[in-house]
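**Student:** Task: produce atomic coordinates for the following.
(one chain, ligands or ions: 1)
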Amino acid sequence: MKKKILFVCLGNICRSPAAEGVFLNLIKKNNLEDQFYIDSAGTGGWHVGHQADERMRIAAQKRGINIESIARKITPDDFRIFDLILTMDNQNLLETNSLAKNAGLHSFEKIRPILSYSMSTKSLEVPDPYYGGENGFEKVLDLLEESCQRLLETICVQG
Ligand code: 4NP
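**Tutor:** Numbers count the residues shown, from 1 in each chain. Below is the predicted model of the structure:
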């Protein structure tokens, strides 16, 4: 059975597509692609159908990471399909938990902040880079590369 992971942010054009790209790149490098199903979604719908933000795509490309995802909004089915739903900040976590409740999910264990896997920061929030400068995109990628590496290690150990 494939492990199914959904990354969630607000617009699904910066942080969660970057997390998806980072994790896909990691499993490709480790020859684990056939063991995972990876996707991303947003709690907001403004950018549905759009490619990821060009600034994020360029910053990721410089690290050898392709971001190919097209923005979509999270759906009630996602709570049934995915084994792990990883949010980017406190607002995402609150909204995702509330959507899960409306979708009839009883256990919220599978929903958690991506940074709960990080060992480099105590913060549970990946800062939203959308209205900031170029540095913000690098910071997001630094946080996501480290936390996705820990996430993969955790899954490989715990299953
Ligand atoms: P994301 O960033 O949640 O990381 O995709 C944002 C993208 C767009 C907006 C906010 C955050 N927006 O307000 O349009």
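**Student:** does any bit of the longest helix along the chain sit next to the ligand?
**Tutor:** Ranked by number of residues, the top helix in the chain under DSSP state H is helix 134-158. No. Helix 134-158 does not reach the ligand (CB under 6 Å from any ligand atom); its nearest approach is 7.7 Å. Quick note: C-beta positions are derived from backbone N, CA and C, even for glycine.
**Student:** Off-centre distance for that helix?
**Tutor:** Put simply, helix 134-158 sits 10 Å off its chain's centre (CA atoms, centre = their mean, to the nearest Å).
**Student:** pLDDT wise, what is residue 106 at?
**Tutor:** With respect to pLDDT, residue 106 scores 85.
**Student:** helix/strand/coil for it?
**Tutor:** Look at residue 106: counting by DSSP: H, G, I helix; E, B strand; the rest coil, its state is coil.
**Student:** and the gap between it and the ligand?
**Tutor:** Noted for residue 106: a distance of 27 Å to the ligand, by CB to the nearest ligand atom, to the nearest Å.
**Student:** Could you double-check that residue 120 lies in contact with residue 149?
**Tutor:** No. At 10.3 Å, residue 120 does not count as touching residue 149 under the criterion of CB atoms under 8 Å.
**Student:** shared neighbours of these two, anything?
**Tutor:** Between them, residue 120 and residue 149 share no contacting residue under CB atoms under 8 Å, 6 or more residues apart in numbering.
**Student:** Tell me which of the two has more neighbours.
**Tutor:** With neighbours defined as other CB atoms under 10 Å, residue 120 and residue 149 compare such that residue 149 has more, 16 against 12.
**Student:** Quick check: closest non-adjacent residue to that one.
**Tutor:** With sequence-adjacent residues excluded and distances taken as CB to CB, 6 or more residues apart in numbering, residue 149 is closest to residue 26, at 6.5 Å.
**Student:** Next: residue 112.
**Tutor:** Nearest residue to residue 112, sequence neighbours excluded (CB to CB, 6+ apart): residue 86, at 6.4 Å.
**Student:** Just to be sure, the one you found is in a helix?
**Tutor:** No. Counting by three-state DSSP, residue 86 is not part of a helix but strand.
**Student:** for it, what are its contacts?
**Tutor:** 5, 6, 7, 8, 19, 112, 113, 114, 151.
**Student:** Same question for residue 23.
**Tutor:** 5, 7, 36, 38, 148, 151, 152.
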